[in-house]
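Asker: what would the 3D arrangement of this be:
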Amino acid sequence: QVQLVESGGGLVQPGGSLRLSCAASGTDGRSITNIYAMGWYRQAPGKQRELVATITDSGMTNAADSVKGRFTLSRDNAKNTVYLEMNSLKPEDTALYYCNADVETFLHMTFMKDIYWGQGTQVTVSS
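Answerer: Model prediction:
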């Protein structure tokens, strides 16, 4: 009922920067009434998926210690979009980055709330 479209991944050298975007939209006639939280997780080969950063509808952010001071998450509520600015990238940041959103939608007088995931965008940090 909600589609998350990710963009911005790629190959970058250590110390470089990338910007990821994730836009949410309703499908099958459903409209988005609220996005309670939205953000990014990542999964490196052979490792579990881990939190990168999330932001609530009130603007409160939560980020992994490993990215604090280097990554910045922002949100455009009007566009249902989040942006992850990643600076000073390290090889250990290499992973598949997944957008995640906790979304309420509306259709035919019915509200639904669920958690959605994007398909993932690859970030590779290598010289």
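Asker: list the contacts of stretch 9-27.
Answerer: With contacts defined as CB atoms under 8 Å, 6 or more residues apart in numbering, stretch 9-27 is touched by 1-8, 32, 35, 38, 40, 79-91, 97, 99, 101, 103, 105, 116, 118, 121-127. Just so you know, the C-beta spots here come from the backbone N, C-alpha and C atoms, and that holds for glycine as well.
Asker: repeat that with 7 Å
Answerer: Stretch 9-27 has contacts (CB atoms under 7 Å, 6 or more residues apart in numbering) with 1-8, 32, 35, 40, 79-91, 97, 99, 101, 103, 105, 118, 121-127.
Asker: ok, stretch 87-101 next?
Answerer: Contacts of stretch 87-101 with the rest of the structure, by CB under 7 Å, 6+ apart, involve 2, 4, 6, 9, 12, 14-18, 20, 22, 24, 35, 38-44, 52, 70, 86, 115-118, 120-126.
Asker: flag every buried residue along that stretch.
Answerer: 89, 93-101 (16 or more other CB atoms under 10 Å).
Asker: and if you look at stretch 9-23?
Answerer: Residues of stretch 9-23 classed as buried: 9, 12, 18, 20-23 (neighbour count, 16+ other CB under 10 Å).
Asker: next: stretch 103-123.
Answerer: Along stretch 103-123, these residues count as buried under the neighbour rule (16+ other CB under 10 Å): 103-105, 116, 118, 120-121, 123.
Asker: for Ala64, state which of the residues you listed is nearest.
Answerer: Distance to Ala64 across those (CB to CB) is lowest for Val123, with 14.3 Å.
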